[in-house]
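# Return a 3D structure for these sequence lines:
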Amino acid sequence: MFFPNIKQKMILEKIKKKKILPLDEYIDFCLYKFKESYYQKKIYFGHNGDFVTSPHVSSIFSEMLAIWIVLFWNKIKQPKTINILELGPGDGTMSKDIILSLSKINFFKSKINYFLLEKSKSLKKIQKEKLKNEKNIYWINSLKNFQKDNLIIVSNEFFDALPIKQFVKINKSWFEKFVVCNNDYNIDFSLKKAKLGTMRDIKKIYNLKINKFIEHPPILEGLIKDISNTLKIKNSIFLTIDYGEYSETCNDTIQGIYKNNKSHILKNIGDSDITYQVNFFHLIKLFKKNKLHLVDFSNQSKFLKKLGIVERVRSAKKHIEKKKKNTLDIAVSRLLSPSQMGSLFKVLVISNKHNINFKYDI
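Just a heads-up that it's a prediction; the model follows:
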């Protein structure tokens, strides 16, 4: 028998009232919906927390993104003001490091307005504390009616935290995965025949004849539409980095992350993150549907190397002690190695301009 703590019991009671819950609603309950949900509580990032993202591996990651921002700034003829919007900024580490890196580039004199889109009250508090000494920082609650020219939208590990549905084909019929909770607070998966309308919508993205399994974030289409509408303003671009794949066929990639280790998504309710591997085939198809254009798609290793991370590390090591050199080497290896973040993480750049010539040099 499972003995939940008080906060877990609060979430489980909500699930029991529903009797049976679609997987995406279960994820929303666990991560976002209540004050007991994971992202509404105090979250610990980094090596001693629940998970480590690239900005926490080394500040050189955000420094490379700052260089990419300067490249685009040059491309749009160095406007006096640029607007940066970060989606899902976590604890604000990447935001702070990007701002700091831009301030160190002598010839970069533009005013920066930095916007953060965050739905977690807990994370907003952490971000505001971390960024309290920075100027022109603004929080927004929605992309609706967000209209800024000279706009650079960035995100890191944003899409992988969206609630997803899962569907499985059994004997040529499609079934949707649900979560059920009994009176002893034991929870398990259950399958129900998928709705025809839902499968018709998914068929617009994936070929159901070659797929036996589908992962699908139902809110993704609306979110991409909002991002796309925002990008249709003058001089705008979107860069997103996330772990995932590009494939016309889907795999079961959902997992829980609890104290930097994998965890079953039905365990540690409200105390663990739940993520899935983003399928960039889906993302790119939706952006093209919204009349936007692919600027770049590569893995994290290739992207960072194009921006000069190897040369930057070589230069930095000339001015630091041996112990710090070793720490930097380990961090950069993690960012670039094919067996770690280098290949698993993908980089997607989207613009409203067709055939934008984006040169990776300053």
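# what about the protein, any weak spots by pLDDT?
1-3, 42-51, 354-362 (pLDDT under 70).
# And the helices in it?
Using DSSP state H, the helices found in the chain span residues 6-18, 23-28, 54-57, 59-75, 93-103, 121-130, 196-203, 220-231, 280-289, 300-306, 309-316, 322-336, 341-344.
# For Tyr185, find the nearest of those.
Nearest of the helices of the chain to Tyr185, taken as CB to CB: helix 6-18 at 4.9 Å. Quick note: C-beta positions are derived from backbone N, CA and C, even for glycine.
# got the buried residues for that closest one?
7-12, 14-16 (16 or more other CB atoms under 10 Å).
# which one of these sits closest to Leu85?
Nearest member of the buried residues of helix 6-18 to Leu85, counting by CB to CB, is Ile11, at 31.2 Å.
# returning to what we had before: mind giving me JSON lines with the buried residues of helix 6-18 and columns for distance to Phe345?
Output for the buried residues of helix 6-18, formatted as JSON lines (distance: CB to CB, whole Å):
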{"residue": "Lys7", "distance to Phe345": "32"}
{"residue": "Gln8", "distance to Phe345": "31"}
{"residue": "Lys9", "distance to Phe345": "36"}
{"residue": "Met10", "distance to Phe345": "34"}
{"residue": "Ile11", "distance to Phe345": "30"}
{"residue": "Leu12", "distance to Phe345": "34"}
{"residue": "Lys14", "distance to Phe345": "34"}
{"residue": "Ile15", "distance to Phe345": "33"}
{"residue": "Lys16", "distance to Phe345": "38"}
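# between these, which is closest to Lys124?
Lys7 (20.1 Å).
# Quick check: closest non-adjacent residue to that closest one.
Leaving aside its sequence neighbours, Lys7 sits nearest to Glu36 (CB to CB, 6 or more residues apart in numbering; 4.3 Å).
# since we're on Ile140, how many residues are nearby?
When neighbours are counted by other CB atoms under 10 Å, Ile140 registers 13.
# is it true that it touches Ile153?
No - applying CB atoms under 8 Å as the test, Ile140 and Ile153 come out as separate, 11.6 Å apart.
# between those two, what contacts are shared?
Counting by CB atoms under 8 Å, 6 or more residues apart in numbering, the contacts common to Ile140 and Ile153 are Leu85.
# is it true that Tyr276 touches Gly256?
No - judged on CB under 8 Å, Tyr276 makes no contact with Gly256 at a distance of 10.7 Å.
# Could you pull out the strands in the stretch 101-250 of the chain for me?
Using DSSP state E, counting those that start in this stretch, the strands found in the stretch 101-250 of the chain span residues 111-117, 137-140, 151-156, 165-170, 173-181, 187-193, 213-216, 236-245.
# I'd like to know which of those strands lies nearest to Ser54.
Going by CB to CB, the one of these nearest Ser54 is strand 151-156, 6.2 Å.
# Walk me through which strands the closest one pairs with, and which way each runs.
Sheet pairing of strand 151-156 (DSSP bridges) gives strand 81-87 (parallel), strand 236-245 (parallel).
# which residues touch that strand?
With CB under 8 Å, 6+ apart, strand 151-156 has contacts from 53-55, 65, 69, 72, 82-88, 90, 94, 98, 227, 230-231, 233, 235-242.
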